[in-house]
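Colleague: next come a sequence and a model predicted from it.
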Amino acid sequence: MRHHVRAVIDDTLNALKTQGFISFETIPNYSVDAPKKADHGDWACNVCMVMSKAVGRNPSELADAIIAHMVDRNSIIVSLEKAGPGFLNIRLKDVVFQRVAREVLNLGTQFGRKAPKSTGKKVMVEFVSANPTGPVHIGPARGAFMGDAISRLLDAAGHDVTREFYINDFGKQVETLGRTVHKRYREQFGEQISLVEGEYPAEYVIEIAKTWKAEVGDAFLNKPESEFLPAAIAVGIRENMKAIRSTLAKANITHDVFFSEKSLHESGAVKSIVDVYKSRGVTYEATEGKRKDNKEKVRDAESKAAKYADKQLGGTFLMTATWQDEKGKMPLKDEEDRIILRADGTPVYLTADLAYHKAKYDRGYELMVDVFGADHAGHVPRIQSGMHLLGFDTKKLEFALVQIVRITRGGEEVKVSKRKGTLFELADLIDEAGADVCRFIFLMKTRDAQFDFDLDDVKKQSKDNPVFYFQMGHARCAQVLKKAEEKNVPFIGIDKVTDAQLARLALPEEKMMLKKMSQLPDVVASAADRLEPHHVLYYCQELIGDFHAYYTQYKSDPIISDDVDKTQGRLAMVAALKQTLKSAFLILGVDAPEYMEAQAEE
């Protein structure tokens, strides 16, 4: 609907240009939005305000010209009025609203989506990237669903999306995993073992050890660490990644690429990026890194930075904070310069991360989205600065920071699985609440919102359960169509519905719902631009609320009646609403059930 309005306005502007009234090269971007007050019309447009300066006409004068010379594109506009300093209030013919049902149903599941890879960018979304030292626990769970939904939104908006998982399979953590696996492996042969602080005590490591024993027998039983550790690390990562993939599949989450940090080290990319920075003159050797404010560093005594401060003394530092541009300003966002090579020549974790992000740019992505937990916010300016110092366009790199959600039961936070005695895993959460519920709850708020996920509430089959409320909206549409079949007045299909039957959709509530349905493509595109899936859910919430209110208000004038033409028009609207909700749900990866049981009062 918005597209049709834009087409009329663009045609009128081009006609005014041909007549010599105005002159312009291209029509700038302007908005066509639903007005805040219904009595202001169906749409409000700010084109006169936007174009005023460019064409040398004041907004009011330009508005008068557009109204006087409005091009008749299929006569969709009933009236066009000037408001305020030059806004246009637009009212459309009823047929434009009624046409929406036909357009929605003709597009089917493609409604709300741009043509695949139509005008989009080559995009990569990195998300989950859980350490392969154990299963996915509930800590990164929200980021997993958020990253998947962002990927789906970008895909629906017409972009060529690659979903990537960065495997941290190098360094101290995986070495610790390997040593723990070997101890448990020896335990399988009757040896008494004891774990030291930092090693992994959970049951899954024992299962890995059993698998390893079944595969290699006693081949690594009495080997020195130099021989058993690489093999133990490999089997530990392999089995943990297998479990991680299984959990993600249960959550209906897939990745196209699993990128290994180890491969960066083996290829020399981590060491070579230090040389690249040195060649660009953005590093220096020092005992400590400089701060942008030149103040002495004050660290929290309990922080990792404080605990490992001795390892930061001496090395190669990258000017992530103090680099100066040609004007002598320090535009980078980091607070202090960061060490990228220790005095002994060992790269730090940040160095590998910088090499990884350089590899993203090198692969030609036009947009790269990192979905991070909010606790990684401090890492963002370091990576942005590092990419800027390589000469890359940091506008191509975006970060979606996600707050962790508390999982509660009976008012108490759930951290440990009673069944396993370990951290509560994402797989446990899905088994208990369901994948759709998890996805919905994690997506229903803004990324920076902190809230509780109450396991008791999501099991209630009532309007108090937001997931149930949403899915019930789709199910109610399905049941209306099923009831029509049972009454021998089935919906005849959009190909057979006549314009005269659609013209019976004349109630204000019907026009409002049809107008709102038409907005799904815009809602999806906007949510994709903002990387904020919750906008699609809010849209669905409003649409479902409108339908529930309409369904209740007009029980005396029901959808299914003896008036065949009115019934077919209304069934077309219900079918279009059902398709709109299904399309929106599918874009986010949420199931759209045909039937749901509700409590009697519902």
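Modeller: Here it is on my side, so go on. Numbering: from 1, shown residues only.

Colleague: contacting residues around the residue nearest the centre of the chain?
Modeller: Closest residue to the average C-alpha location of the chain: residue 150 at 2.1 Å, with CA atoms, centre = their mean. Going by CB atoms under 8 Å, 6 or more residues apart in numbering, residue 150 touches 125, 127, 369, 371, 400, 528, 531, 533. The way it works is simple: take the backbone N, C-alpha and C, and place the C-beta from them, glycine included.

Colleague: ok, now which ones touch the fourth one?
Modeller: In other words, residue 371. Residue 371 neighbours (CB under 8 Å, 6+ apart): 125-128, 143, 146-147, 150, 399-400, 402.

Colleague: among those residues, name the ones in helices.
Modeller: Residues of the contacts of residue 371 located in helices (DSSP state H): 143, 146-147, 150.

Colleague: out of those residues, which end up buried?
Modeller: 143, 146-147, 150 (16 or more other CB atoms under 10 Å).

Colleague: okay if I get those residues as JSON lines plus distance to residue 164 and pLDDT?
Modeller: Listed next are those as JSON lines, based on distance: CB to CB, whole Å; pLDDT from 0 to 100:
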{"residue": "143", "distance to residue 164": "14", "pLDDT": "95"}
{"residue": "146", "distance to residue 164": "15", "pLDDT": "97"}
{"residue": "147", "distance to residue 164": "10", "pLDDT": "97"}
{"residue": "150", "distance to residue 164": "12", "pLDDT": "98"}
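
Colleague: just these now: which is nearest residue 26?
Modeller: Using CB to CB, residue 150 is the member of these that sits closest to residue 26, with 30.7 Å.

Colleague: distance of that closest one from residue 206?
Modeller: With distances taken as CB to CB, to the nearest Å, residue 150 is found 37 Å from residue 206.

Colleague: per-residue confidence for residue 37?
Modeller: Model confidence at residue 37, given as pLDDT, is 82.

Colleague: tell me the helices in the stretch 451-600 of the chain, going along the chain?
Modeller: Ranges of helices in the stretch 451-600 of the chain, per DSSP state H, counting those that start in this stretch, are 466-486, 499-502, 508-518, 520-530, 534-553, 564-588.

Colleague: the shortest one packs against which elements?
Modeller: So that's helix 499-502. helix 94-107, helix 564-588 (3 or more CB pairs under 8 Å, 6 or more residues apart in numbering; DSSP states H and E).

Colleague: nearest to residue 477, of those helices?
Modeller: helix 564-588 (3.6 Å).

Colleague: list the helices and strands that closest one packs on?
Modeller: helix 94-107, helix 141-156, helix 466-486, helix 499-502, helix 508-518, helix 520-530, helix 534-553.

Colleague: can I get those in a markdown table including distance to residue 574?
Modeller: Compiled in a markdown table, these are given as follows (distance: least, CB to CB, whole Å):
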| stretch | distance to residue 574 |
| --- | --- |
| helix 94-107 | 9 |
| helix 141-156 | 24 |
| helix 466-486 | 5 |
| helix 499-502 | 13 |
| helix 508-518 | 10 |
| helix 520-530 | 16 |
| helix 534-553 | 8 |
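
Colleague: hey, which of the ones you listed is tucked in deepest?
Modeller: helix 141-156 (a mean of 26; mean count of other CB atoms under 10 Å).

Colleague: which helices and strands sit right next to the next helix-or-strand element following that one?
Modeller: For helix 141-156, the following helix or strand on the C-terminal side (DSSP states H and E) is strand 160-167. Helices and strands touching strand 160-167, by 3+ CB pairs under 8 Å, 6+ apart, are strand 122-126, helix 141-156, strand 257-260, helix 261-267.

Colleague: quick check: angle from the helix or strand that strand 160-167 is followed by to strand 160-167?
Modeller: On the C-terminal side of strand 160-167, the nearest following helix or strand under DSSP H and E is helix 172-187. Relative orientation of helix 172-187 and strand 160-167, computed by axes from the mean of the first three to the mean of the last three CA atoms, to 10 degrees: 60 degrees.

Colleague: surely residue 577 touches residue 540?
Modeller: No. Residue 577 is beyond contact range of residue 540, at 10.5 Å (criterion: CB atoms under 8 Å).

Colleague: now residue 433: how far from residue 253?
Modeller: For residue 433 relative to residue 253 (CB to CB), the value is 15 Å.

Colleague: comparing the two, which residue is more hemmed in?
Modeller: residue 253 (24 against 19; other CB atoms under 10 Å).

Colleague: confidence-wise, which helix or strand of this structure is lowest on average?
Modeller: Least confident helix or strand of the chain, by mean pLDDT, DSSP states H and E, is helix 304-307 with a mean of 62.

Colleague: partner strands of the next helix or strand after that helix, with direction?
Modeller: Moving toward the C-terminus from helix 304-307, the next helix or strand (DSSP H and E) is strand 315-318. Strand 315-318 sits in its sheet next to strand 283-286 (antiparallel), strand 338-342 (antiparallel), going by DSSP bridges.

Colleague: just give the closest residue to residue 409, not the sequence neighbours.
Modeller: Nearest residue to residue 409, sequence neighbours excluded (CB to CB, 6 or more residues apart in numbering): residue 455, at 4.5 Å.

Colleague: likewise residue 369?
Modeller: In space, residue 369 is closest to residue 125, 4.6 Å off (CB to CB, 6+ apart).

Colleague: who's the one you found bridged to?
Modeller: On the basis of DSSP bridges, residue 125 is bridged to residue 163, residue 369.

Colleague: burial measure for it, as a count.
Modeller: Residue 125 has 30 neighbours, counted by other CB under 10 Å.

Colleague: tell me the spacing between it and residue 506.
Modeller: Counting by CB to CB, the gap from residue 125 to residue 506 is 44 Å.

Colleague: residue 440 too?
Modeller: Distance from residue 440 to residue 506, by CB to CB: 35 Å.

Colleague: neighbour count: those two, which is higher?
Modeller: Neighbours were counted for residue 440 and for residue 506 using other CB under 10 Å; residue 440 has more, 25 against 13.

Colleague: pull the contacting residues for the more buried one.
Modeller: Taking CB under 8 Å, 6+ apart, one finds 466-467, 470, 537, 590 in contact with residue 440.

Colleague: quick one: pLDDT of it?
Modeller: pLDDT, residue 440: 91.

Colleague: host element of it?
Modeller: With DSSP H and E as the criterion, residue 440 is inside helix 435-443.

Colleague: pull the CA atoms of that helix into PDB?
Modeller: C-alpha atoms of helix 435-443 as PDB (Å, rounded to 0.1, in the frame of the first residue of the first chain):
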ATOM      1  CA  ALA A 435      12.100 -24.400  21.200                       C
ATOM      2  CA  ASP A 436       9.300 -22.000  20.100                       C
ATOM      3  CA  VAL A 437       8.800 -20.700  23.600                       C
ATOM      4  CA  CYS A 438      12.600 -20.100  24.100                       C
ATOM      5  CA  ARG A 439      12.900 -18.300  20.800                       C
ATOM      6  CA  PHE A 440       9.900 -16.200  21.400                       C
ATOM      7  CA  ILE A 441      10.800 -15.100  24.900                       C
ATOM      8  CA  PHE A 442      14.400 -14.300  24.000                       C
ATOM      9  CA  LEU A 443      13.300 -12.200  21.000                       C
END
